[in-house]
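Visitor: pasting the sequence and the predicted model now:
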Amino acid sequence: MKKIFYLKTCDTCRKILKSLPTTEEFTLREIKTEPITPEELEEMHRLAGSYEALFSRKATLYKERGLKDVQLTEQDYKNYIMEHYTFLSRPVIVDGDSIFIGNSPKNVQAAIAHLS
């Protein structure tokens with residue numbers, strides 16, 4: 001799989017996409033208009049090692065629902081990600097057996113180095 005899952009209304013996602021050396025070989029998936037499938041999430045889980053790694057604690061719904069005060073399980077993380085696109089940490093760059101999740105500078109630099 002060569003896909004980049006992102007949100008087009010997210011300035012950070014757009015900035016990261018522009019910083020990548022190439023995206024020509026990738027399928028760009030705007031997760032609001034074209035939600036991730038259970039199969040795609042399973043593949044991301046396999047590469048990331050956990051659903052928690054794919055989960056965004058920065059999502060507005062995370063705060064609104066008081067989830068920071070709840071002990072979430074791996075199944076909870078999976079269910080929330082499938083329920084609403086904002087629970088997926090983004091962007092998620094999948095290149096074969098490599099995955100880069102989120103917008104931390106360290107992660108973005110790793111993705112740039114990998115794609116260079």
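Guide: Looks like it arrived, so ask away.

Visitor: next, the buried residues of stretch 80-94.
Guide: 80-82, 85-94 (16 or more other C-beta atoms under 10 Å). Glycine gets a C-beta too; all of them are placed from N, C-alpha and C.

Visitor: now the element after the helix or strand where residue 41 lies, going C-ward?
Guide: Element membership for residue 41 (DSSP states H and E) is helix 38-48. Later in the chain than helix 38-48, the nearest helix or strand by DSSP H and E is helix 60-64.

Visitor: mind checking the end-to-end distance for stretch 13-29?
Guide: Using C-alpha to C-alpha, to the nearest Å, the end-to-end distance of stretch 13-29 comes out at 12 Å.

Visitor: stretch 19-29 too?
Guide: One end of stretch 19-29 to the other measures 17 Å (C-alpha to C-alpha).

Visitor: in that stretch, which residues are buried?
Guide: Under 16+ other C-beta under 10 Å, the buried positions of stretch 19-29 are 20, 26, 29.

Visitor: what residues does the second one make contact with?
Guide: The neighbours of residue 26, taking C-beta atoms under 8 Å, 6 or more residues apart in numbering as the test, are 2-4, 93, 95.
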